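Q: after the sequence you'll find the predicted model.
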Amino acid sequence: MSEEKKKKKSMNRLKTMYALRANIDANYARSVEAVKAGKPTAWSMVNWWESDPILKAMDIEIVYPENYGAVSAAMGRAQKYLDRCDAEGFPTHMCGYARNCIGYIAEMTELGKIPPDAPMGGMPKPLLLVASGALCDARIKWFQSMGRYLDAPVWPVEIPHPGVEESQQPGVREKCIKFMAKELKEMVAFIERLTGKKMDWAKLEEITNDLIEINRIWYEINEFRKARPSPMHSKDFWSCMNASLYPAGDPKVSIKLYQDMYDEVKDRVDKGIGAVENEKYRMVFGELPPWHALNIFDELADRGWNFVVESWAYHPPAPIDYTVFKDPLERIAAQTYQWMTGYFADALEAKEYMGYFAYPYSQWARTFQCDGGLFHPLMTCRTATNHLILAQDQLLKKWNVPSVIAEGDIVDLKMFDYADTMRKCIVLEEMMDQNKKIRKERGLEW
């Protein structure tokens, strides 16, 4: 055995991560089998639990093209779909997830079946496409384009986007939740007409409460990461966030698996066990990672880097009392709205009127006591990029937390320079060491 193989890994992965990851992977194979058995399927954008419970309550299998883009990239299989999308005439600067998906369906349409070499068994042809108006530029038009290939109707799920100051005005929250619930009621009526089945409202209530419980446990798990040393690395977060963000499987199974992870992470905190041996630098990561180059985090772990928190958009909302909403549709809307605006009150207090996408990094850099940041602007996603320079500036000015920018993409590996990113990170270490001294002189907690 070579010396390289003998070397002990610095990153201490959670044991419970593997069971969660396996359950997520199994959902793809189960979806394909379910469709073969005649079960209707919806392809859905990540919608932050707004339409998921409705689809699940109506016994519609859910497949998530965005997650499939990450899977394709992580397995090194995305390039073929990206090239096919380019050949179909779509722009190369379009969202990497969208390009991967359109390339996939173009091949599937041509073959008349799931491509035989498709990662994870592929995505089966849908009855319905569920788009979302949340955040991203490409969302509605991407799904409209897919509808032409797949001959499937597109239903857009709406979510209000109030500004920081506007969101705190009297009655705004209540009006937004009522609006969302009304839209969801129309979605229920549409799916009833499409499938010829009536909504099981008792089942919807149960699933809604299960998804709220999943996010409560997942939130508490991530709160443990504030401990020193931090018990959980971002790599485990990204491996396990799908059970919350993309709840395709049985929610009760996910609750059990997240509870097991909660117990393991708590035990690590109690025993002072970190996710990285000899934690030297506590890091924040900005936006989605380069799925095709995740081994860079292992190399950085060897240098004592522990990524203890990452982008707000993929985290569950801070828990609130949802029992005040008797209508399950309002309860669904309240959780999605809480995810979108839950930190707005603090942002307003900090006078962050325009930069609320950047604000959570500033808040978390202090509460998670970060030494530095690694920001990954996505060259094909304006929404996941436009706030990162502001976040970088705020971290340094407010808390003397320096960071580096490493441009890349979530799917297209040609856009990420691994060696250059490592060089930048090594230079950042000197800056982090110097700013630790400055924070101490300022009397900050870390």
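A: Nice, I can see it. Numbers count the residues shown, from 1 in each chain.

Q: what pLDDT does the model give the closest residue to residue 204 other than its chain neighbours?
A: For residue 204, ignoring the flanking residues on the chain, the nearest one in space by C-beta to C-beta, 6 or more residues apart in numbering is residue 57 at 3.9 Å. Bear in mind the C-beta positions are built from the backbone N, C-alpha and C, glycine included. The per-residue pLDDT reported for residue 57 equals 96.

Q: tell me the contacts of residue 57?
A: 199-201, 203-204, 207 (C-beta atoms under 8 Å, 6 or more residues apart in numbering).

Q: got those as CSV, with pLDDT, neighbour count and secondary structure columns?
A: Shown next, in CSV, are those (pLDDT from 0 to 100; neighbours: other C-beta atoms under 10 Å; DSSP: H, G, I helix; E, B strand; the rest coil):
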residue, pLDDT, neighbour count, secondary structure
199, 98, 16, coil
200, 97, 13, coil
201, 97, 13, helix
203, 97, 15, helix
204, 98, 21, helix
207, 97, 23, helix
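
Q: how far is the helix or strand where residue 34 lies from where the chain is centred?
A: Using DSSP states H and E, residue 34 falls within helix 15-36. Centre-to-centre, helix 15-36 and its host chain are 17 Å apart (C-alpha atoms, centre = their mean, to the nearest Å).

Q: how about stretch 191-202?
A: With C-alpha atoms, centre = their mean as the basis, stretch 191-202 stands 29 Å off its chain's centre.

Q: how long is it from one end to the other?
A: One end of stretch 191-202 sits 17 Å from the other (C-alpha to C-alpha, to the nearest Å).

Q: which intervals of this structure have sub-threshold pLDDT?
A: Applying pLDDT under 70 to the chain flags residues 1-8.

Q: just the strands from it, written as ranges.
A: Taking DSSP state E to define them, one finds strands in the chain at 41-44, 61-63, 128-132, 154-157, 281-286, 305-309, 372-375, 403-405.

Q: so which of the ones you listed is the most surrounded?
A: Burial of those is given as mean neighbour count (mean count of other C-beta atoms under 10 Å); strand 305-309 ranks first at a mean of 29.

Q: give me the contacts around it.
A: Strand 305-309 has contacts (C-beta under 8 Å, 6+ apart) with 222, 225-226, 229-230, 232-235, 274-276, 279-285, 297, 300, 364, 368, 370, 374, 425.

Q: can you tell me which of those residues are buried?
A: Among these, those buried by neighbour count (16 or more other C-beta atoms under 10 Å) are 222, 225-226, 229-230, 232-235, 274-276, 279, 281-285, 297, 300, 364, 368, 370, 374, 425.

Q: return stretch 351-363 as CSV; C-alpha atoms alone will do.
A: Provided in CSV are the C-alpha atoms of stretch 351-363 (Å, rounded to 0.1, in the frame of the first residue of the first chain):
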residue,chain,number,x,y,z
LYS,A,351,-29.6,48.7,8.2
GLU,A,352,-29.0,46.1,5.5
TYR,A,353,-31.9,47.3,3.2
MET,A,354,-30.5,46.2,-0.1
GLY,A,355,-28.0,43.6,0.8
TYR,A,356,-30.1,41.0,2.6
PHE,A,357,-28.7,38.1,0.6
ALA,A,358,-25.3,39.0,1.9
TYR,A,359,-26.4,39.8,5.5
PRO,A,360,-26.6,36.2,6.8
TYR,A,361,-22.9,35.7,6.1
SER,A,362,-22.1,38.7,8.3
GLN,A,363,-24.4,37.4,11.1
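
Q: how far away from the center of its chain is stretch 251-268?
A: Worked out by C-alpha atoms, centre = their mean, stretch 251-268 lies 19 Å from the chain centre.

Q: same deal with stretch 251-270?
A: Counting by C-alpha atoms, centre = their mean, stretch 251-270 comes out at 19 Å from the chain centroid.

Q: I'd say residue 90 and residue 100 touch.
A: No: counting by C-beta atoms under 8 Å, residue 90 stays clear of residue 100, with 11.1 Å between them.

Q: higher neighbour count, the two?
A: Ranked by neighbour count (other C-beta atoms under 10 Å), residue 90 and residue 100 place residue 100 first, with 28 against 19.

Q: count of neighbours near the nearest residue to that one once chain neighbours are set aside?
A: Take residue 100 and drop its neighbours on the chain: the residue closest to it by C-beta to C-beta, 6+ apart is residue 69, 4.1 Å away. Residue 69: 24 surrounding residues under other C-beta under 10 Å.

Q: pull the CA atoms of stretch 303-319 into CSV?
A: What follows is stretch 303-319 as a C-alpha-only set of coordinates in CSV (Å, rounded to 0.1, in the frame of the first residue of the first chain):
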residue,chain,number,x,y,z
ARG,A,303,-4.5,22.1,6.4
GLY,A,304,-6.9,22.4,9.4
TRP,A,305,-9.8,24.1,7.5
ASN,A,306,-13.2,23.2,8.9
PHE,A,307,-16.2,24.6,7.0
VAL,A,308,-18.7,25.2,9.7
VAL,A,309,-21.5,27.1,7.9
GLU,A,310,-22.6,27.7,4.3
SER,A,311,-25.2,29.7,2.3
TRP,A,312,-28.4,30.6,4.0
ALA,A,313,-30.6,29.5,1.0
TYR,A,314,-30.0,25.8,1.6
HIS,A,315,-30.5,25.9,5.4
PRO,A,316,-33.9,25.3,7.0
PRO,A,317,-35.7,28.2,8.5
ALA,A,318,-35.5,29.0,12.2
PRO,A,319,-38.4,27.3,14.0
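
Q: show me what the helix holding residue 34 is packed against.
A: Here helix 15-36 touches strand 41-44, strand 61-63, helix 234-240, helix 242-245, helix 251-271, going by 3 or more C-beta pairs under 8 Å, 6 or more residues apart in numbering; DSSP states H and E.

Q: switch the cut-off to 10 Å
A: With contacts taken as 3 or more C-beta pairs under 10 Å, 6 or more residues apart in numbering; DSSP states H and E, helix 15-36 sits against strand 41-44, strand 61-63, helix 65-74, helix 234-240, helix 242-245, helix 251-271.

Q: among those, which comes closest to residue 339?
A: In terms of C-beta to C-beta, the element of the helices and strands packed on helix 15-36 nearest to residue 339 is helix 242-245, at 10.2 Å.

Q: can you list the residues that contact that closest one?
A: Contacts to helix 242-245, defined as C-beta atoms under 10 Å, 6 or more residues apart in numbering, come from residues 20-21, 23-25, 27, 46-49, 52, 64, 66-67, 70-71, 211, 214-215, 217-219, 248-249, 251, 253-255, 257-258, 261, 313-316.

Q: ok, now with 6 Å
A: 20, 24, 46, 67, 214-215, 218, 254, 316 (C-beta atoms under 6 Å, 6 or more residues apart in numbering).
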